[in-house]
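S.K.: Got a sequence here, can you model it:
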Amino acid sequence: MYANLYTLLTRPDRAWTAIRQDEERNSANYLPYLLLFSLLPAVCLFIGTHWMGWSLVDQERIRLEAISALQLSALIYVATLIGVGIMGYFLRYMSRTFKARPTFNQCIGFIAYACTPFFLAGIAGLYPTRWLAILVLLAACAHTSYLFYVGLPRFMRIDNQQGFLYASSMIGVGLLVVVTILVSAILFWTLTLEPDYQRTVQQDQSRGTQQERMQAPATDE
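M.R.: Okay, here's the model as predicted:
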């Protein structure tokens, strides 16, 4: 599993051939990989939203209470697993068009490994800021797309032209699935679970707190 992870990031052309062979020997070989690495974004998001917090305006930090942060992390974890399953279904459904005959487990395994950049991008959740999240997600999208284009012809054992069309179709489906599932999870968390926020204002210590400045004696003219 870990050998495939390293090779997938450095030499994906070799990694996909090895992954297909592993999946043929054991069709559920991907399961520990998926369950473990799907935890990475959820755990990092819990740490980032509960302990680190984020800022929308100067001198203010917003943090989630522990229960709300745990609920959000659990929803992200479940949404990730559901998204991988849906993508695996579409991958197998569309395989008939390209004359490939993978099993459902093999399709989910391919999606699980192809989503590795998104799992690793979850580390950015340790410090939740808008610009960092945007940059990391863009990089994850680019790398995942690259893994699709390189991996599908090798994993499905089809020619490169069919693989390019297959990968392009799946990337479009993937964007739709990701947006739909994540938006649904966030809306459910916001509207149904009613998260609790904690706001703190950071004081400028060089000028003292607001109370100290109000109590400071006036200087003689």
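S.K.: SS state for Gly172?
M.R.: Three-state call for Gly172 (DSSP: H, G, I helix; E, B strand; the rest coil): helix.
S.K.: List the residues that contact Arg20.
M.R.: Gln106, Arg154, Phe155, Arg157 (Cβ atoms under 8 Å, 6 or more residues apart in numbering). C-beta coordinates here come from the backbone N, C-alpha and C atoms, glycine included.
S.K.: how about Thr129, phi and psi?
M.R.: phi -130, psi 150 (degrees, to the nearest 10).
S.K.: Tell me the pLDDT of it.
M.R.: Listed pLDDT for Thr129 reads 84.
S.K.: now do Gln21
M.R.: At Gln21, pLDDT is 85.
S.K.: What are the buried residues along the helix or strand that contains it?
M.R.: If you go by DSSP states H and E, Gln21 is part of helix 12-25. Neighbour counts over helix 12-25 (16 or more other Cβ atoms under 10 Å) mark Pro12, Ala15, Trp16, Ile19, Arg20, Asp22, Glu23 as buried.
S.K.: Tell me how far the third one lies from Leu39.
M.R.: Per Cβ to Cβ, to the nearest Å, Trp16 is found 24 Å from Leu39.
S.K.: quick one: the nearest residue to Asp13 once chain neighbours are set aside and Asn160, what's the gap?
M.R.: Leaving aside its sequence neighbours, Asp13 sits nearest to Val150 (Cβ to Cβ, 6 or more residues apart in numbering; 5.8 Å). Look at Val150 and Asn160: by Cβ to Cβ, they are 10 Å apart.
S.K.: Which one's more surrounded, the two?
M.R.: The neighbour count for Val150 versus Asn160, taken as other Cβ atoms under 10 Å, is higher for Val150 (20 against 12).
S.K.: The strand or helix carrying the more buried one to helix 12-25, inter-axis angle?
M.R.: Element membership for Val150 (DSSP H and E) is helix 130-156. On the basis of axes from the mean of the first three to the mean of the last three Cα atoms, to 10 degrees, helix 130-156 is oriented at 60 degrees to helix 12-25.
S.K.: Flag every buried residue along helix 130-156.
M.R.: 136, 140-141, 143-145, 147-156.
S.K.: Okay, now the unreliable bits of the chain?
M.R.: The chain contains residues with pLDDT under 70 at 1-4, 56-59, 201-221.
S.K.: what about the strands in it?
M.R.: Taking DSSP state E, the strands of the chain run over residues 60-64, 197-201.
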